[in-house]
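Participant: Fold the following for me, if possible:
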Amino acid sequence: MFGPYIFIPLLAAVCLYALWRGGKDERVVAACCMIGTGATLLVVSPLRQRYASLEEGLLFVDLAVLAGFITVALRSKRFWPLWVAGLQLTTSVGHMLKGVDQELLPRAYGAALQFWSYPILLLLAVGTYRFHRTQSRTAA
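Facilitator: You can find the predicted model right below:
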């Protein structure tokens, strides 16, 4: 019920922090998170029918975000982007589960798609903090 009231400010705070203090990896992941969230808001079904069937628009958004995260993970010299890509892959598997079993409860499907967004933001915040700390040490 309070998801958007918690997630949107958290997303904004973490992504602004990543854009301000992060390196290239953090900035790209932050941009993927913000663009993905914006696209999700545009393509999600109306509340009455949300998650009742396969959310094709969300599937495409989640796969695009996954592609962005995988690209960062493959190019990065750091480990945290692999975790972000893995968590996004887990989110994408939620769509596959709904495609296989249309009887999957809408709440379970919705939870599977939304749950991993919070750990992804946590990883982005920690990755940004560690990048900034490393940069501060090498600059001093």
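Participant: May I see the buried residues of the helix or strand in which residue 6 is found?
Facilitator: Secondary structure from DSSP states H and E places residue 6 in helix 3-21. The neighbour-count check on helix 3-21 (16 or more other C-beta atoms under 10 Å) flags 11, 14, 15, 17, 18, 21 as buried. Glycine gets a C-beta too; all of them are placed from N, C-alpha and C.
Participant: Does anything pack onto that helix? Which helices or strands?
Facilitator: When contacts are defined as 3 or more C-beta pairs under 8 Å, 6 or more residues apart in numbering; DSSP states H and E, helix 3-21 sits against helix 24-43, helix 117-139.
Participant: among those, which is the most enclosed?
Facilitator: Comparing these by mean neighbour count (mean count of other C-beta atoms under 10 Å), helix 24-43 comes out on top with a mean of 18.
Participant: What is the subsequent helix or strand relative to it?
Facilitator: Elements were assigned by DSSP H and E; along the chain past helix 24-43, the next helix or strand is helix 56-75.
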